[in-house]
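> 3D, please:
(one chain, ligands or ions: 3)
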Amino acid sequence: MALLTRITGPRDLDRLAPEQLDQLAAEIRSFLVDAVSKTGGHLGPNLGVVELTIALHRVFESPKDKILWDTGHQSYVHKLLTGRQDFSKLKMKGGLSGYPARSESEHDIIENSHASTVLGWADGLAKANEVLERDDHVVAVIGDGALTGGMAWEALNNIAEAKDRPLVIVVNDNERSYAPTIGGLANHLATLRTTDGYERFLARTKEILDRTPVVGRPLYETLHGAKKGLKDFIAPQGMFEDLGLKYVGPIDGHDIEALESALTRAKRFGGPVIVHCLTEKGRGYQPALADEADRFHAVGKIHPDTGLPISTSGADWTGVFADEMVKLGHEREDIVAITAAMLQPVGLDKFAKAFPERVYDVGIAEQHGAVSAAGLATGGLHPVFAVYATFLNRAFDQVLMDVALHKCGVTFVLDRAGITGTDGASHNGMWDMSILQVVPGLRIAAPRDADQVRAQLREAVEVDDAPTVVRYSKGAVGPAVEAVGRVGGMDVLREAGTDTPDVLLVSVGALAPMCLEIAGLLDQQGISTTVVDPRWVKPVDEAMAPLADRHRVVVTVEDNGRVGGVGCAVAQALRDAGVDVPLRDFGIPPRFLDHASRKEVMTEIGLTAPDIARQVTGLVSKLDGRYEQAEVEAARD
Ligand SMILES: Cc1ncc(C[n+]2csc(CCOP(=O)(O)OP(=O)(O)O)c2C)c(N)n1
Ligand SMILES: CC(=O)[C@@H](O)[C@H](O)COP(=O)(O)O
Ligand SMILES: [Mg+2]
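Ligands and ions are numbered 1, 2, ... in the order given. Below you'll find the model as predicted:
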């Protein structure tokens, strides 16, 4: 690491001779494999942008020039070159974020890891430079996958309009999201890649002519001067140029000299310009045994030499869904599946293998996915759209106005619901059960274990006149939690053991084991508790109000935002039924939560059994007029 450790900031790169840059790139690749194999992270995307990031920081002067990263998962090299080389706690509490973070560096601008937003940011920043008469450069790096997102095209439409507003767009084209990028755009990029591009023609001609300087140089200038005619002859007009954008490329995204040349030209262009770079995801890392279909897009802890996972977790929520979907696919030929460029991460790979004609990868285009689902349902099919909870946020209006308004039988399966933790604020699935509460007719299920995932998924796909949602956590599925009774449509998980129970504890989804632990702790305080799992949390079960009326206090516990969540819905249902029982709702506070493990975040926000039991004890004691005693005891803890 002789060179890498000498880089404390981007300007240190200026002191390296061209031949040292390839050595630096090799050192960075070695660092990434060694560090990320220990912590987990986006190894493949970052191995693919080593040379590109070096060239960007040599041509542009961050932080005066703004280098923006779409999604930000490919910003590890950017971090290494901007003074952050301790990756020992990557994505862990107190360590580096897995994405750009303003709190870490003035070189970091966009923190959100939701794809396809970078061009919007760049458009805004370029306009601000224009109004404030700044000559800073704005450089937006967007992947071919992120370019399949609609927002990217909304921004391009605006950017293309201002011919004199400088803005450099770098398309990092590695032909993949997780899997190969789909769609017409991908095909067009492939055309641009394979067409012997004007730039490559010029470079190759220059190379030849440089070997014959007497004739060569004047001839090269003539060729370069005949650019327009030559370009049309050599490289067909691409859609970017049809949009009015200057196009430079395709450029070898691993050739630092070629990259610097293209970026320098783009920097001087004085208007919007696209630099199309060809890169390889996971470049330089071909471990002996791992067969990484997604080119190490997002790895857990792995053996650096084999690429194989250090520990394989047991059954996870995604796997339970994956297997049940295949069964459903065999039973019902009207069931089709949709993914937004995340076939394997959301567990649709097995379904796709069994029914290749019945699964649609729409690209990173959740809004389109939801509307297309409305079309599929209207056309007589039952689509199951599997997507991470946080990524459905951007398709709220489509769920509301296209799916629900038209009473379409679409099932949304939300993986990574609740606190995910290590991917930081924008990845927690903490908004779905709040924003979807307002969708008329939409039903929400929150399974507590594997059996309930299977059961509730089956119940959901039976609904053909309204949207249904099944949402579950990230990672290992919890232990089976058997019901001991039933009230209305709700499972009783624990009886209070008395005719005058104190607390009705409403347990939502995967938090059932924690809620049973809370009930046990309350027992120790002489407080009797009934624990119910509503299963379907929207609409609130009709049996909820009369059941609550038989208790002194109602407590709801959910792995979702408190604001507008299940607790609020239950409180409203009790009010509407004239049931005047105090209710205390526990959930995620309306804050952006820094990256840490799920357990650390849950502890930090007080979503733990001891915290909740303590607060409920205080509440019940207050009702008994034993408040002073409880307050004294609590203070002693
Ligand atoms: C709105 C949204 N949907 C899905 C994702 C999950 N995701 C993270 S990276 C990625 C693939 C990005 O592909 P690309 O833009 O080509 O970048 P690359 O990984 O190839 O560098 C996806 C789908 C996301 N971050 N945001
Ligand atoms: C950047 C991005 O959005 C995804 O790659 C995400 O990091 C994957 O999260 P999981 O690791 O939970 O699948
Ligand atoms: Mg890509």
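> for the rest of this, base every contact and every neighbour count on C-alpha atoms.
OK.
> which helix runs longest in the protein?
For the chain, the helix reaching the highest residue count under DSSP state H is reported as helix 18-39.
> give me the distance from that helix to the chain's centre.
26 Å (Cα atoms, centre = their mean, to the nearest Å).
> what packs against it?
Contacts defined by 3 or more Cα pairs under 8 Å, 6 or more residues apart in numbering; DSSP states H and E place helix 18-39 against helix 43-47, helix 50-59, helix 256-268.
> that helix and ligand 2 in contact?
No. Among the residues of helix 18-39, none lie within reach of ligand 2 under Cα under 6 Å from any ligand atom; the closest is 12.1 Å away.
> okay, the closest residue to ligand 2 within the stretch 351-500 of the chain: pLDDT?
Taking Cα to the nearest ligand atom, ligand 2 has its nearest neighbour within the stretch 351-500 of the chain at Asp423, 5.9 Å off. With respect to pLDDT, Asp423 scores 97.
> equivalent analysis for Asp305, please.
With respect to pLDDT, Asp305 scores 89.
> any idea which element it lies in?
When secondary structure is defined by DSSP states H and E, Asp305 falls outside every helix and strand.
> what's near enough to touch Arg494?
Counting by Cα atoms under 8 Å, 6 or more residues apart in numbering, Arg494 touches 483-484, 516, 529-532.
> contacts only, for Ala298.
In this structure, Ala298 makes contact with 40-44, judged by Cα under 8 Å, 6+ apart.
> so what's the residue in the chain that ligand 3 sits nearest to up against?
Nearest to ligand 3, among the residues of the chain, is Arg176, at 4.0 Å (Cα to the ion). The neighbourhood of Arg176, defined by Cα under 8 Å, 6+ apart, consists of 144-145, 281.
> from Ala455, how far off is the nearest residue to Gly565 once chain neighbours are set aside?
Here the nearest residue to Gly565 in space, its sequence neighbours aside, is Ser434; by Cα to Cα, 6 or more residues apart in numbering that works out to 4.5 Å. Taken as Cα to Cα, to the nearest Å, the spacing of Ser434 relative to Ala455 amounts to 23 Å.
> tell me the SS of Asp451?
For Asp451, the assignment made with DSSP: H, G, I helix; E, B strand; the rest coil gives helix.
> need phi/psi at the residue nearest to it when sequence neighbours are not counted.
Beyond its immediate neighbours in the sequence, the residue positioned closest to Asp451 (Cα to Cα, 6+ apart) is Ala480, lying 7.3 Å away. When read as degrees, to the nearest 10, the backbone of Ala480 gives phi -60, psi 130.
> ok, Ala480 touching Asp449?
Yes. Under the criterion of Cα atoms under 8 Å, Ala480 is in contact with Asp449, at a separation of 5.5 Å.
> and these two? Which one has more around it.
Counting neighbours by other Cα atoms under 10 Å for Ala480 and for Asp449 shows that Asp449 has the greater number, 23 against 13.
> circling back: now which of the contacts of Arg494 would you call buried?
Burial by neighbour count, judged by 16 or more other Cα atoms under 10 Å, picks out 516, 529-532 from the contacts of Arg494.
> filter those residues down to the ones in strands?
When the buried ones among the contacts of Arg494 are checked against strands (DSSP state E), the matches are 529-532.
> and the pLDDT at the one residue in the stretch 1-150 of the chain that gets nearest to ligand 2?
Here the stretch 1-150 of the chain gets closest to ligand 2 at one residue, His73, 5.2 Å apart by Cα to the nearest ligand atom. We note a pLDDT of 98 for His73 in this prediction.
> ok, back up a step: mind checking which of Ser434 and Ala455 has more residues around it?
Neighbours were counted for Ser434 and for Ala455 using other Cα under 10 Å; Ser434 has more, 18 against 13.
> for the longest strand that the chain contains, packing partners?
Looking only at the chain and at elements set by DSSP E, the strand with the highest residue count is strand 553-561. Packing contacts for strand 553-561, counted by 3+ Cα pairs under 8 Å, 6+ apart, involve helix 432-435, strand 503-507, helix 566-576, strand 583-588.
> among the ones you listed, which comes closest to Ser116?
Ser116 sits nearest to helix 432-435 of all these, at 20.4 Å, using Cα to Cα.
> count the neighbours of the spatially closest residue to Leu47 that is not a sequence neighbour for me.
Nearest non-adjacent residue to Leu47, counting by Cα to Cα, 6+ apart: Gly282, 5.0 Å away. Neighbourhood size, Gly282 [other Cα under 10 Å]: 23.
> tilt between the helix or strand hosting Ile612 and strand 583-588?
With elements delineated by DSSP H and E, Ile612 resides in helix 609-623, which encompasses its position. Here the directions of helix 609-623 and strand 583-588 differ by 160 degrees (axes from the mean of the first three to the mean of the last three Cα atoms, to 10 degrees).
> list the buried residues of helix 609-623.
Of the residues in helix 609-623, those with enough neighbours to count as buried (16+ other Cα under 10 Å) are 609-610, 612-614, 616-621.
> and which of those is nearest Ala290?
Of all the buried residues of helix 609-623, Ala609 has the smallest distance to Ala290: 40.0 Å, by Cα to Cα.
> where does this protein dip in pLDDT?
In the predicted model, the chain carries pLDDT under 70 at residues 195-237, 289, 291, 626-637.
> tell me the domain boundaries of it?
By the assignment in the TED database, the chain contains the domains 4-290, 317-471, 485-629.
> span of the second one from start to end?
The one in question is domain 317-471. Here the two ends of domain 317-471 are set 10 Å apart, with distance taken as Cα to Cα.
> picking that back up, show the backbone phi and psi for the residue of the chain closest to ligand 3.
According to degrees, to the nearest 10, the main-chain angles of Arg176 amount to phi -140, psi 150.
> could you shift the numbering so residue one becomes 59, and keep it that way?
Yes, from this point I'll number from 59; that puts the last item at Arg234.
> quick one: it from Asp313, how far?
When Cα to Cα is applied, the distance between Arg234 and Asp313 equals 20 Å.
> can you give me the end-to-end span of stretch 218-231?
With Cα to Cα as the measure, stretch 218-231 spans 20 Å from end to end.
> isn't the residue of the stretch 59-208 of the chain closest to ligand 2 up against Ser171?
Yes. Contact status for His131 versus Ser171: in contact at 7.0 Å, counting by Cα under 8 Å.
> okay, these two: which has more neighbours?
The residue with more neighbours, out of His131 and Ser171, is His131; 25 against 21, by other Cα under 10 Å.
> the more buried one falls within a strand, correct?
No. Residue assignment for His131, taken from three-state DSSP, gives coil, which places it outside any strand.
> and the gap between it and Glu382?
Computed with Cα to Cα, the distance linking His131 and Glu382 is 31 Å.
> quick one, strands of the stretch 359-508 of the chain?
393-397, 417-419, 440-446, 469-473, 501-503 (DSSP state E, counting those that start in this stretch).
> what does the stretch 109-258 of the chain give?
For the stretch 109-258 of the chain, strands defined by DSSP E, counting those that start in this stretch occupy the ranges 124-127, 196-201, 225-231.
> how about those strands in TSV, adding distance to Gly622 and mean neighbour count?
Formatted as TSV, those follow (distance: least, Cα to Cα, whole Å; neighbours: other Cα atoms under 10 Å):
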stretch	distance to Gly622	mean neighbour count
strand 124-127	32	26
strand 196-201	34	26
strand 225-231	39	26
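> closest to Ala629 out of these?
Between Ala629 and the strands of the stretch 109-258 of the chain, the shortest separation by Cα to Cα is 42.5 Å, and it involves strand 124-127.
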